[in-house]
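Q: Generate coordinates for the sequence data below:
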Amino acid sequence: MEELEMTMLEYEDKMDKAISSYERELSTVRTGRANAALLDTISIDYYGVQTPVKQISSISIPEANQLYIKPYDKSSIKLIETAILASPLGLTPQNDGNGIRLVLPKMTEERRRELVKLVGKMEEAAKVAIRNIRRDLNDAIKKLDLPEDDEKGSLEDSQKLTDDKIKKLGEVTARKNSELMSI
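A: Next comes the predicted model:
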């Protein structure tokens, strides 16, 4: 039985990591408000190494719809500016010599709806990941050679765990969608 508990905990941890990954991915979806997480996916070639912008600069939010990126090394301003222009953020950086200001434009209703659809696709991918983990958990339970009743109960527990994690995904998605649709 101890082996079963360890297996369940291991796979529950994997499901939690899938949810955390989904939340990190969601943080890169732009809402109407400035959020430093928008820059999480942007890296530059800094002395031959791909380095995230947030590691080589301080990022502040001077206004609700603005980000200000102040690099620790001023020589990297142009590289950051180029990386932002090349990114899928769709923002135009304003270089003032000391740092870069990003002004987030007001989002249209149409753009908000597109982002809600994108979040839905991201949620579906996260659900698939959790279901794949459940499948692996079920396979692991079957390999434990438990008595039939214990195996059946364990498979039901596996399904309950999956349902709980998918419900949590739904709550995260609902929060993000309400953030996107609020003006």
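Q: State the pLDDT value of the residue of the chain most remote from its centre.
A: Most distant residue from the mean C-alpha position of the chain: P147, 40.1 Å away (Cα atoms, centre = their mean). pLDDT, P147: 90.
Q: before we move on, what about L38?
A: Residue-level pLDDT assigned to L38 equals 81.
Q: and the residue farthest from the centre of the chain, backbone torsions?
A: The phi and psi values for P147, taken as degrees, to the nearest 10, are phi -60, psi 150.
Q: Can you give the contact residues for stretch 69-82?
A: Residues outside stretch 69-82 that contact it (Cβ atoms under 8 Å, 6 or more residues apart in numbering): 39, 42, 44-46, 53, 56-60, 93, 95, 97-102. To be clear about C-beta, it is placed using only N, CA and C from the backbone, and glycine gets the same treatment.
Q: From the chain's centroid, how far away is that stretch?
A: Relative to the centre of its chain, stretch 69-82 is centred 25 Å away, using Cα atoms, centre = their mean, to the nearest Å.
Q: and the next element down the chain from the helix or strand containing L79?
A: L79 is located in helix 77-86, with elements delineated by DSSP states H and E. Using DSSP H and E, the helix or strand that follows helix 77-86 in sequence is strand 94-95.
Q: about what we covered before: out of the contacts of stretch 69-82, which are buried?
A: Neighbour counting with 16 or more other Cβ atoms under 10 Å marks 39, 42, 44, 46, 53, 56-57, 59, 93, 99-102 as buried within the contacts of stretch 69-82.
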